[in-house]
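J.: quick check, what structure comes out for this input:
(chains A, B, C and D, ligands or ions: 2)
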Amino acid sequence: MSDRPDSVLKDSSKGNVVDTATVELKIPSHAEFIGVARMMIMGVASRISFSYDEVEDLRLAVGEACTSAIDRAARAGRTDSHITIVCHMNPQRLSITVSDPLPYDPNEPARPAEGADSLEEQGIGALLMEILVDEIEIKSSPEHGAVVTMVKNIGR
Amino acid sequence: MSDRPDSVLKDSSKGNVVDTATVELKIPSHAEFIGVARMMIMGVASRISFSYDEVEDLRLAVGEACTSAIDRAARAGRTDSHITIVCHMNPQRLSITVSDPLPYDPNEPARPAEGADSLEEQGIGALLMEILVDEIEIKSSPEHGAVVTMVKNIGR
Amino acid sequence: MDFSLNSRHLDNDTVVVDLQGEVDAFTAPKLKQEIINQIERGVKRIAINLADVKYLDSTGLGVLIGGLKRAREKSGQLVLICPNVRIMRIFDITGLAKIFEMFPSEEEALARLRSTDDV
Amino acid sequence: MDFSLNSRHLDNDTVVVDLQGEVDAFTAPKLKQEIINQIERGVKRIAINLADVKYLDSTGLGVLIGGLKRAREKSGQLVLICPNVRIMRIFDITGLAKIFEMFPSEEEALARLRSTDDV
Ligand SMILES: Nc1ncnc2c1ncn2[C@@H]1O[C@H](COP(=O)(O)OP(=O)(O)O)[C@@H](O)[C@H]1O
Ligand SMILES: Nc1ncnc2c1ncn2[C@@H]1O[C@H](COP(=O)(O)OP(=O)(O)O)[C@@H](O)[C@H]1O
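T.: Ligands and ions are numbered 1, 2, ... in the order given. Next up, the predicted model:
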């Protein structure tokens, strides 16, 4: 990594360089495309000075957020829906928002997903997200449905 | 690959399955993010029955389209611009559109990019795109600026 | 991206299911079906080999928990082969390392499966 | 994603530049600067080792063409080590395989560089 070129995220001493950046991905609400989201996260995270383990943690956290959105789409019979993943980077942190347009009630008790083996699966997914990132917020927004925001601090 | 699960793109015998899908990525117009586009393409292409070589060809073709958009943004002093990559899949083909919002005149002679070693670099980029995909179209659109559409047929 | 599984029957009673690649919501249903098939054909000693697993999410963990439950319902056993520290970490942080019998090698997993006659 | 380079000076006149990873518009400027630096310090025989290059685009090819040109301007030589068929294919389809002297191993590249006294 010693020869890694100057990054827009790390070198703001140059005039033509910005210190924040946004990457946005939209995928169908289908399990088949979670892998695409994970690849994108790997690309984004490897632009930042995260360790191998931190990149893996982020992949898994984002994968879990997508899986949960896809479960809800399947239960609602909305396999035509999509998921939007927005990564916002600055020199201090990477913030990732996973959102979908389907109605979401955070107070509704979780129900087993179609094909899921038990409720526990969803509990484990939520637990993993909590553990793997530094901050997490899950809310419902009128326009976006569920919005999961996860933050990983850089260089801690 | 024998145990690859049913794909939305290959099995349309099931009621809940669609046979087309769209994945969309938006990245800053900065060389640092071409790698993210390449990762996304790898994720998308590996969902489809492309060979390893075909996936590599697509990565390179999309990388060249992004590099060309980033060159134009740099020359226009618009490093705040972005690139949108849209992948549209159906069982026959993967179509990838790389577009940016900056004005583009297809008749304007190419000029060396900032930092590029010579004109040839751009000629080689265009040549590679031509060779690596089955169809390519480059045009300028009033809303989108340059729009590069590349098509790779599936299973030929 | 890639996922494959291969079941090796060591005897009528014992199977090692080798997994390779990424176990997620897209691929885990294949694993679930394979475990169900093995139990239905009467296999009592199941070792799931996670040595070549590159990614495992809650869907995969859920399928393994379900497999453990189904095996026990038929008085069978299901153990895990997990030499990969990265994958082991996922079991550790979720507390599932305490639920499963996990072994760093196939030899140790098979020794455990064969140590019990009561299945 | 990842890119690194390391220059090994075999003597005052000869350097092997080992590249690793992805050579694209983001990383190629590092390679360009390294080739310029080597030529400026008087190195006449340059071998660029592409053995561990996973990705090479037109920007990387442009930097190599520029390096070849600069080396020749100083009556030097620049050759490529390219055992990787995937990377070789990019030189073939662009016609650049005819422009560069390319060798499948470091030994062969060095034999070529050392065969000429006229540098
Ligand atoms: N996140 C977790 N942490 C620790 N143990 C867990 C977790 N999720 C599930 N378990 C345990 O896994 C075991 C298998 O689940 P089981 O009780 O058989 O499932 P079910 O609730 O479907 O009957 C149980 O002992 C359960 O408590
Ligand atoms: N796509 C290509 N196919 C074949 N040869 C090429 C290609 N691009 C560049 N070249 C050749 O590479 C060589 C090095 O370029 P050179 O002429 O030194 O560059 P410049 O035009 O900057 O002086 C030249 O012989 C040039 O014709």
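J.: pLDDT of the longest helix along chain C, averaged?
T.: Ranked by number of residues, the top helix in chain C under DSSP state H is helix C:58-73. Across helix C:58-73, the average pLDDT comes to 96.
J.: who are the packing partners of that helix?
T.: Judged by 3 or more CB pairs under 8 Å, 6 or more residues apart in numbering or on different chains; DSSP states H and E, helix C:58-73 is in contact with helix A:52-75, helix A:119-132, strand C:14-23, helix C:28-40, strand C:45-56, strand C:77-81, helix C:85-94. In short, each C-beta sits where N, CA and C put it, glycine included.
J.: which parts of that helix are buried?
T.: Going by neighbour count (16 or more other CB atoms under 10 Å in any protein chain shown), the buried part of helix C:58-73 is C:58-68, C:70-71.
J.: so where do the strands sit in chain A?
T.: Along chain A, counting by DSSP state E, strands occupy A:21-28, A:82-89, A:93-99, A:135-141, A:145-153.
J.: the third one: how far from the chain's middle?
T.: It stands for strand A:93-99. Counting by CA atoms, centre = their mean, to the nearest Å, strand A:93-99 is centred 6 Å from the centre of its parent chain.
J.: may I have it as PDB, with CA atoms only?
T.: The C-alpha trace of strand A:93-99 is given here as PDB (Å, rounded to 0.1, in the frame of the first residue of the first chain):
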ATOM      1  CA  ARG A  93     -16.000   8.100   8.200                       C
ATOM      2  CA  LEU A  94     -17.800   6.000   5.700                       C
ATOM      3  CA  SER A  95     -21.600   6.300   6.000                       C
ATOM      4  CA  ILE A  96     -23.700   3.800   4.100                       C
ATOM      5  CA  THR A  97     -27.500   4.100   3.700                       C
ATOM      6  CA  VAL A  98     -29.600   1.100   2.600                       C
ATOM      7  CA  SER A  99     -33.100   2.100   1.700                       C
END
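J.: same for that strand, what does it pack against?
T.: Using 3+ CB pairs under 8 Å, 6+ apart as the contact test, the elements touching strand A:93-99 are helix A:34-45, helix A:52-75, strand A:82-89, strand A:145-153.
J.: ok, and what's touching the first one?
T.: So that's helix A:34-45. When contacts are defined by CB atoms under 8 Å, 6 or more residues apart in numbering or on different chains, helix A:34-45 is touched by residues A:23, A:25, A:27, A:54-55, A:58-59, A:62-63, A:66-67, A:70, A:83, A:85, A:87, A:89, A:94, A:96, B:23, B:25, B:35-40, B:42-44, B:46-47, C:1, C:22, C:24-26, C:55, D:1.
J.: what mean pLDDT does it have?
T.: 96.
J.: just the buried positions in it, please.
T.: A:I34, A:G35, A:V36, A:A37, A:R38, A:M39, A:M40, A:I41, A:M42, A:G43, A:V44, A:A45.
J.: what parts of chain C come near chain A?
T.: For chain C, the contact set with chain A under CB under 8 Å from any CB of the partner chain comprises C:1, C:22, C:24-26, C:29, C:32, C:55, C:57-59, C:61-63, C:65-66, C:86, C:90, C:93-94, C:96.
J.: make CSV from the strands of chain A and add distance to C:L113, mean neighbour count and mean pLDDT to it.
T.: What follows is the strands of chain A, written out as CSV (distance: least, CB to CB, whole Å; neighbours: other CB atoms under 10 Å in any protein chain shown; pLDDT from 0 to 100):
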stretch, distance to C:L113, mean neighbour count, mean pLDDT
strand A:21-28, 41, 22, 97
strand A:82-89, 41, 21, 97
strand A:93-99, 40, 21, 96
strand A:135-141, 39, 14, 91
strand A:145-153, 39, 20, 94
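J.: closest to ligand 2 out of those strands?
T.: strand A:21-28 (31.8 Å; CB to the nearest ligand atom).
J.: now do the closest one against strand B:82-89, angle only.
T.: 20 degrees (axes from the mean of the first three to the mean of the last three CA atoms, to 10 degrees).
J.: now do strand A:21-28: which elements does it pack against?
T.: Right, strand A:21-28 is packed against helix A:34-45, strand A:82-89, strand B:21-28 by 3+ CB pairs under 8 Å, 6+ apart.
J.: how about residues contacting it?
T.: Contacts for strand A:21-28 (CB under 8 Å, 6+ apart): A:8-9, A:33-34, A:36-37, A:40, A:44, A:66, A:79-89, B:8, B:18, B:21-28, B:30, B:32-33, B:36, B:40.
J.: and the residue nearest the centre of chain A, how far is that from A:C87?
T.: Nearest to the mean C-alpha position of chain A, by CA atoms, centre = their mean, lies A:V62 at 3.4 Å. To A:C87, A:V62 is 9 Å away according to CB to CB, to the nearest Å.
J.: common neighbours of the two, please.
T.: With contacts taken as CB under 8 Å, 6+ apart, A:V62 and A:C87 have A:I41, A:I96 as neighbours in common.
J.: okay, which residue is most central for chain C?
T.: C:I48 (2.6 Å).
J.: surely that residue meets C:V15?
T.: No. Counting by CB atoms under 8 Å, C:I48 stays clear of C:V15, with 9.4 Å between them.
J.: and stretch C:69-86, does that touch ligand 1?
T.: Yes. Between stretch C:69-86 and ligand 1, judged by CB under 6 Å from any ligand atom, the touching residues are C:K69.
J.: end-to-end on that stretch?
T.: End-to-end distance of stretch C:69-86 (CA to CA, to the nearest Å): 25 Å.
J.: what's next to that stretch, contact-wise?
T.: By CB under 8 Å, 6+ apart, stretch C:69-86 touches A:53, A:56, C:16, C:35-36, C:39, C:43-51, C:53, C:64, C:67-68, C:88, C:91, C:100-106, C:109, C:112-113, C:116, C:118-119.
J.: list the buried residues in it.
T.: Buried, per 16+ other CB under 10 Å, within stretch C:69-86: C:R70, C:A71, C:G76, C:Q77, C:L78, C:V79, C:L80, C:I81, C:C82, C:P83, C:N84.
J.: and the residues you listed, which is closest to A:K152?
T.: Nearest to A:K152 out of the buried residues of stretch C:69-86 is C:N84 (CB to CB; 22.6 Å).
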